[in-house]
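Colleague: Show me the folded form of this:
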Amino acid sequence: MKSIISTFYIIAFTLTCFISLAQNNSQNENIALKDHALELLEKSRTNIKNDLYYEARKQLDDALKLAKDLNDNKLTGRIYYEIGKLLLIFKEYDGAELSFRKAILKQELLNEHTNLGKSYIGLGDIYLNLYKYATASKYYQEAVDYFNLANDVNNLLYAHLKKGISHYHLDEFSDALNDLDICISKGKSKNNQDILSAAYVYKGHIESRITDLDQGKRTSYKGFVIAEEENYTDVLKNSYFIISEIEGLAGETEKSIFYLKKHIRFNDSLNAVKSNKLSADKRLEFLSNNQTEYFKEKIETVEALESSKAINKATTMLSIALITILSLFTISLYKNNSIRKKTNSILSGKNKELLVAKEKAELATKAKANFLSTVTHELRTPLYAVTGLTNMLLEEDPKKEQLEHLKSLKFSGDYLLTFINDILEVNKIEAQKTEVEAVSFNLKNKINNIILALNNAQPQNNVKIHLDYDENLPTHFILDQVKISQILINLIGNSIKFTKNGDVWVRVIKQNKQGKLYNIRFEVEDNGIGISKEKQESIFESFSQGSVAINRKYGGTGLGLSIVKGLVEVLGGQINIESTLHKGTKFYFDLEVKKSLENKTISYFENVDENELNKIKILIVEDNKINQMITQKTLKKMHIKSDVIDNGTDAIEMVKNNNYSAVLMDIHMAGISGMEATKQIREFNKDLLIFALTAVTIDDKIKEFVEQGFNDVIPKPFKQEVFERILYTELTKSKFIS
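Modeller: Residues are numbered from 1 along each chain as shown. Now for the predicted structure:
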């Protein structure tokens, strides 16, 4: 009995020792794995600095796997953050956002204030790059709050700078100045010269626009000088553009164009460097070398672990077995080197195919832009005559029997123009070139006007439109009124089209409020034909309609809802649909908007002194007789004198022999083009205001107009208020109007 008990104690003691050794061994393994993960993390950072992005991504993926195996939340959060930063370089915004949010989940568990701030900076940078400035500002504010909690001054200043830049893009100048002033006051003492220089540049631009032009110019140049001396490339890129705008406001046209060209060249050179860093050759190099490097790292890992497993014989045997397997695999890889070379050859061939495909895609894109440019011009030019003459006839007290015909003609012209604009808008949204122009306006009045216009345009459906505007909402907001109008016109027009003898409800509902920010829901609901569940999934795609029968019965292009989706997303929202077949449809979306004070309608030339108007004389260069008459009559309404010439060659002589205040230059004319005429005029007259009065409105072409010496572009057919605003602004800058 005693011998059995003794044997039991011996076995128990042996097992205890074995478990203790196993636990120690496990701890040693974990330490070795964590050290290796940290080493991979450090290597990835070095590789990113040296532009070896693909090697860095592989190291981060390996480090992340180790961190997850170790169940180390802190290390996992750090690695997710680094992956997010790397994906941000590649503009892989969805992947970057997912990585930053995963980092935040880990960092919140450990209450890591500094790291949380950095991750929110990453989220802000994503939305800043996507031009969603309001969302970016919210994330930067989160970063500010966390850096304050961590008392991390350097990162706090950087967060204030990025938040200030977001407010700047939203024209929220008071908020922007608050953040930029913090950067300037604290940046001096902390010697953060890059932050300080950027803050000066943006602050100066705001000052030049809202307070004192000369003071703003001095402030921006102060930051610009620091950026040039220290060669802060990111600051310089934006500085050249901002300085160009300030010089333009100051009337220094030549300087403005000089800095604008510097901005373009500098930006192009940065893009060229970045494109080279992310070239297809580097991808191929990474793919071909990756396997060898991977197994080298695994062997190094096993060798590191081997030294920590000497105590446990079983574990050592396992390590030897693993090394043996890897060694055999490496030998196999070596023996199959010919296969790898063949693979590389295939990859090289595929890479060439990709380059050819890329060139074809670029040519196709260019062809598409040229096609749109040509079609736009060829359609807009006669439309300019149609809409212009129709408006004039409507203003000249037509006969009662003519009135309905003229209204129909106006509606048809406006419809065709809307279709052209829809195509261009889809193209802009796809190219991510749509910009938000937030202004203060009366939202309630704007929606009422839209409803009134749509009621007059389509009375045959016998549809009643009802507006339910939340009484708890103010009327004036800062928002892009053009885009919100496009969205509502499309949605309400869509409901009218598919509803007969029914009702359409337009609702503007307050969701919540925080300070001056309101979260507002916009709803458009009808009791029309409805949309089937199958079709709801594709209803927002371009050229999508319910069916061929619906297309033939109700008409339309199928672009409206695609545009709505794109514009809502540009404004920071998401369009949703609820519909039941034969019962009706509801579209709704939420937007975060800022309340504003009531604004008065600006009348540009109404209060200009008569003596000043008499001194203004404009040359119209236009080869279309009808367009000549319309433009001249428009100027006559504004009490501005004008001369007309129908070709570029004579226009050059007219400018040489007369003292004109401005030139309205058509682009496509017989003989030399408006572009060439402007180029020749600029050789002897740098200061004359020259506007491209053109039907071409493609963004790339507009950029080309500015480079050729035009002061601004007035698209045809133009709206009276747009024409007046552009003309009044530039004449004021050039001191023709005080």
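
Colleague: hang on, Ser579 is in a helix, isn't it?
Modeller: No - counting by DSSP: H, G, I helix; E, B strand; the rest coil, Ser579 is not found in a helix; it is strand.

Colleague: Bridge partners for it, pull those for me.
Modeller: For Ser579, the beta-bridge assignment (DSSP bridges) gives partners Thr585.

Colleague: Next up, the contacts around it.
Modeller: Ser579 is in contact with 530-531, 536, 585-586, counting by C-beta atoms under 8 Å, 6 or more residues apart in numbering. C-beta coordinates here come from the backbone N, C-alpha and C atoms, glycine included.

Colleague: Gln680 contacts Ile652, doesn't it?
Modeller: Yes - using C-beta atoms under 8 Å, Gln680 is in contact with Ile652, at 5.4 Å.

Colleague: Between these two, tell me which one has more neighbours.
Modeller: Set Gln680 next to Ile652 and count neighbours by other C-beta atoms under 10 Å: Ile652 wins out with 21 against 16.

Colleague: Show the contacting residues for that one.
Modeller: Neighbours of Ile652 in contact, by C-beta under 8 Å, 6+ apart: 677, 680-681.

Colleague: Let me know the pLDDT of the closest residue to Asp61 other than its chain neighbours.
Modeller: Excluding the flanking residues, the one nearest Asp61 by C-beta to C-beta, 6 or more residues apart in numbering is Ile83, at 8.0 Å. Looking at Ile83, its pLDDT stands at 91.

Colleague: Can you give me the buried ones in the helix or strand harbouring Lys74?
Modeller: Lys74 belongs to helix 73-89 when assigned by DSSP states H and E. With burial defined by 16 or more other C-beta atoms under 10 Å, the residues of helix 73-89 counted as buried are 73, 75-88.

Colleague: Just the helices from the stretch 1-150 of the chain, written as ranges.
Modeller: With helices called from DSSP state H, counting those that start in this stretch, the stretch 1-150 of the chain shows them at 2-49, 53-69, 73-89, 93-110, 113-129, 133-150.

Colleague: So Glu396 versus Lys633, what's the distance?
Modeller: 11 Å (C-beta to C-beta, to the nearest Å).

Colleague: More neighbours: those two, which one.
Modeller: A side-by-side neighbour count of Glu396 and Lys633, using other C-beta under 10 Å, places Lys633 first with 12 against 7.

Colleague: Would you check that the more buried one makes contact with Met392?
Modeller: Yes - applying C-beta under 8 Å, one finds Lys633 in contact with Met392, separated by 6.8 Å.

Colleague: ranges for the helices of the stretch 151-300 of the chain?
Modeller: Counting by DSSP H, counting those that start in this stretch, the helices of the stretch 151-300 of the chain are 153-169, 173-190, 193-210, 213-230, 233-249, 253-277, 280-307.

Colleague: In TSV, list these along with distance to Arg57, mean neighbour count and mean pLDDT.
Modeller: Shown next, in TSV, are the helices of the stretch 151-300 of the chain (distance: least, C-beta to C-beta, whole Å; neighbours: other C-beta atoms under 10 Å; pLDDT from 0 to 100):
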stretch	distance to Arg57	mean neighbour count	mean pLDDT
helix 153-169	25	22	91
helix 173-190	33	18	85
helix 193-210	27	23	89
helix 213-230	31	18	88
helix 233-249	23	20	84
helix 253-277	14	15	72
helix 280-307	9	15	43
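
Colleague: Of all the helices of the stretch 1-150 of the chain, which one is nearest Tyr469?
Modeller: Closest to Tyr469 of the helices of the stretch 1-150 of the chain is helix 133-150 (C-beta to C-beta; 22.3 Å).

Colleague: May I have that closest one exported as CSV, CA atoms only?
Modeller: Extracted in CSV, the C-alpha atoms of helix 133-150 (Å, rounded to 0.1, in the frame of the first residue of the first chain):
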residue,chain,number,x,y,z
TYR,A,133,-15.1,67.5,-45.4
ALA,A,134,-17.9,67.5,-42.8
THR,A,135,-17.3,63.8,-42.0
ALA,A,136,-13.5,64.4,-42.0
SER,A,137,-14.0,67.3,-39.5
LYS,A,138,-15.9,65.0,-37.1
TYR,A,139,-13.2,62.4,-37.1
TYR,A,140,-10.5,65.1,-36.6
GLN,A,141,-12.5,66.4,-33.6
GLU,A,142,-12.4,62.9,-32.1
ALA,A,143,-8.6,62.9,-32.5
VAL,A,144,-8.4,66.3,-30.8
ASP,A,145,-10.4,65.0,-27.9
TYR,A,146,-8.2,61.9,-27.5
PHE,A,147,-4.9,63.8,-27.8
ASN,A,148,-6.1,66.3,-25.2
LEU,A,149,-6.8,63.4,-22.8
ALA,A,150,-3.3,62.0,-23.5
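
Colleague: helices or strands next to it in the packing?
Modeller: Where contact means 3 or more C-beta pairs under 8 Å, 6 or more residues apart in numbering; DSSP states H and E, helix 133-150 is packed against helix 113-129, helix 153-169.

Colleague: Give the buried residues for the first one.
Modeller: Taking 16+ other C-beta under 10 Å as the basis for neighbour counts, the residues of helix 113-129 that come out buried are 113-128.

Colleague: quick one on the thing from earlier: would you turn the helices and strands packed on helix 133-150 into CSV with distance to Leu403?
Modeller: Shown next, in CSV, are the helices and strands packed on helix 133-150 (distance: least, C-beta to C-beta, whole Å):
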stretch, distance to Leu403
helix 113-129, 50
helix 153-169, 46
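
Colleague: Any idea which of the ones you listed gets closest to Ser99?
Modeller: Nearest of those (C-beta to C-beta): helix 113-129, 8.2 Å.

Colleague: what mean pLDDT does the closest one have?
Modeller: Confidence over helix 113-129, taken as the mean pLDDT, stands at 92.

Colleague: can you list contacts of it?
Modeller: Residues contacting helix 113-129 (C-beta under 8 Å, 6+ apart): 77-78, 81, 84-85, 88, 91, 93, 96-97, 100-101, 103-104, 107-108, 133, 135-137, 139-140, 142-147, 149-150, 152, 155-156, 158-159, 162-163, 165-166.

Colleague: For that helix, what is the distance to the chain centroid?
Modeller: In terms of C-alpha atoms, centre = their mean, to the nearest Å, the centre of helix 113-129 is found 17 Å from the chain centre.

Colleague: Over to stretch 637-644?
Modeller: With C-alpha atoms, centre = their mean, you get 40 Å for stretch 637-644.

Colleague: Would you mind measuring from Val608 to Leu689?
Modeller: 16 Å.

Colleague: Give the burial count for Lys735, as a bare number.
Modeller: Lys735: 8 neighbours (other C-beta under 10 Å).

Colleague: That one: what secondary structure?
Modeller: Going by three-state DSSP: Lys735 is coil.

Colleague: my read is Leu619 is in a strand, agree?
Modeller: Yes - according to three-state DSSP, Leu619 belongs to a strand.

Colleague: what are the ranges of the strands in the stretch 451-600 of the chain?
Modeller: 464-469, 476-479, 503-514, 517-526, 576-580, 584-595 (DSSP state E, counting those that start in this stretch).

Colleague: Gln680 versus Asn647, what's the distance?
Modeller: In terms of C-beta to C-beta, Asn647 sits 13 Å off from Gln680.

Colleague: Give the residues shared as contacts by those two.
Modeller: Ile672.

Colleague: mind checking the backbone torsions on Asp480?
Modeller: With angles defined as degrees, to the nearest 10, Asp480 sits at phi -80, psi 100.

Colleague: Tell me the spacing between the nearest residue to His205 once chain neighbours are set aside and His160.
Modeller: Once flanking residues are discounted, His205 sits nearest to Ile242: 4.7 Å by C-beta to C-beta, 6+ apart. For Ile242, the distance to His160 equals 18 Å [C-beta to C-beta].

Colleague: ditto for Glu676
Modeller: Where His160 is concerned, Glu676 sits at a distance of 49 Å (C-beta to C-beta).

Colleague: Thank you kindly, that will do.
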